[in-house]
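Asker: heads up, no residue letters with this:
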């Protein structure tokens with residue numbers, strides 16, 4: 001089996017490719033250089049995992065182009081990397097993923113949508129943690145390796161066409177994770193790096209990003225430990 005990983009050179013793509021390789025699948029990571037002839041780059045693949053660049057200014061257009069190329073090349077299945085709570089009006093980049101999800105569902109391909117929680121690896125717990133939102137709001141955090149394993153399952157096993165799965169490895173607050181790591185967490189002002197990030201921090205302040213853990217446990221065939229529920 002051969003699987004194209006569109007956007008396969010970032011940390012998400014590398015995790016998916018590693019998990020596919022662990023199953024003996026020929027994973028083909030694709031990047032910007034492949035967009036000149038994306039249909040040619042995905043030709044001969046049985047399925048594709050589609051990841052848009054972080055904070056892409058027009059994710060629906062990016063996904064539409066990927067779907068067009070997959071259809072032209074005769075690739076029959078697509079798994080789209082979305083986000084937990086895609087329809088969150090306060091977060092513009094989440095709304096872009098909600099629109100892209102609709103395109104995937106109407107693409108005519110066999111499809112599955114994964115909605116990952118915030119990555120555990122986005123938190124640097126090796127020292128004091130500066131956080132531009134509340135450390136006490138609920139999150140469903142996802143380990144990158146678990147994301148890769150879940151992607152490999154839905155790409156290689158039958159029964160996942162037409163499914164949308166929210167994914168989290170464990171439920172926790174950032175303060176709980178920092179306490180477990182033995183580091184302090186400090187609330188700092190929003191660094192104003194990007195207006196969409198500022199909107200996300202404000203949403204997190206009010207609501208966090210809660211995601212359940214049971215779906216991931218089912219996909220991976222192992223029950224969550226009491227610490228991750």
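Answerer: Thanks, I have it. No experiment lies behind these values; they were computed from the predicted model shown. Residues are numbered from 1 along each chain as shown.

Asker: which stretches of this structure form strands?
Answerer: With DSSP state E as the criterion, the chain has strands at 2-6, 26-30, 47-50, 77-81, 110-116, 118-119, 129-131, 139-142, 163-167, 170-172, 185-187.

Asker: can you put the ones you listed in JSON lines and add mean neighbour count and mean pLDDT?
Answerer: C-betas here are computed from N, CA, C, even on glycine. Below are the strands of the chain laid out as JSON lines (neighbours: other CB atoms under 10 Å; pLDDT from 0 to 100):
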{"stretch": "strand 2-6", "mean neighbour count": "26", "mean pLDDT": "98"}
{"stretch": "strand 26-30", "mean neighbour count": "20", "mean pLDDT": "98"}
{"stretch": "strand 47-50", "mean neighbour count": "27", "mean pLDDT": "98"}
{"stretch": "strand 77-81", "mean neighbour count": "24", "mean pLDDT": "98"}
{"stretch": "strand 110-116", "mean neighbour count": "22", "mean pLDDT": "98"}
{"stretch": "strand 118-119", "mean neighbour count": "18", "mean pLDDT": "97"}
{"stretch": "strand 129-131", "mean neighbour count": "16", "mean pLDDT": "96"}
{"stretch": "strand 139-142", "mean neighbour count": "25", "mean pLDDT": "97"}
{"stretch": "strand 163-167", "mean neighbour count": "19", "mean pLDDT": "98"}
{"stretch": "strand 170-172", "mean neighbour count": "20", "mean pLDDT": "96"}
{"stretch": "strand 185-187", "mean neighbour count": "15", "mean pLDDT": "95"}
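
Asker: now render the ones you listed as a markdown table, adding distance to residue 97.
Answerer: Below are the strands of the chain laid out as a markdown table (distance: least, CB to CB, whole Å):
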| stretch | distance to residue 97 |
| --- | --- |
| strand 2-6 | 15 |
| strand 26-30 | 19 |
| strand 47-50 | 11 |
| strand 77-81 | 8 |
| strand 110-116 | 8 |
| strand 118-119 | 14 |
| strand 129-131 | 23 |
| strand 139-142 | 15 |
| strand 163-167 | 12 |
| strand 170-172 | 22 |
| strand 185-187 | 28 |
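
Asker: do you know how far residue 185 is from residue 154?
Answerer: In this view, residue 185 and residue 154 are 34 Å apart by CB to CB, to the nearest Å.
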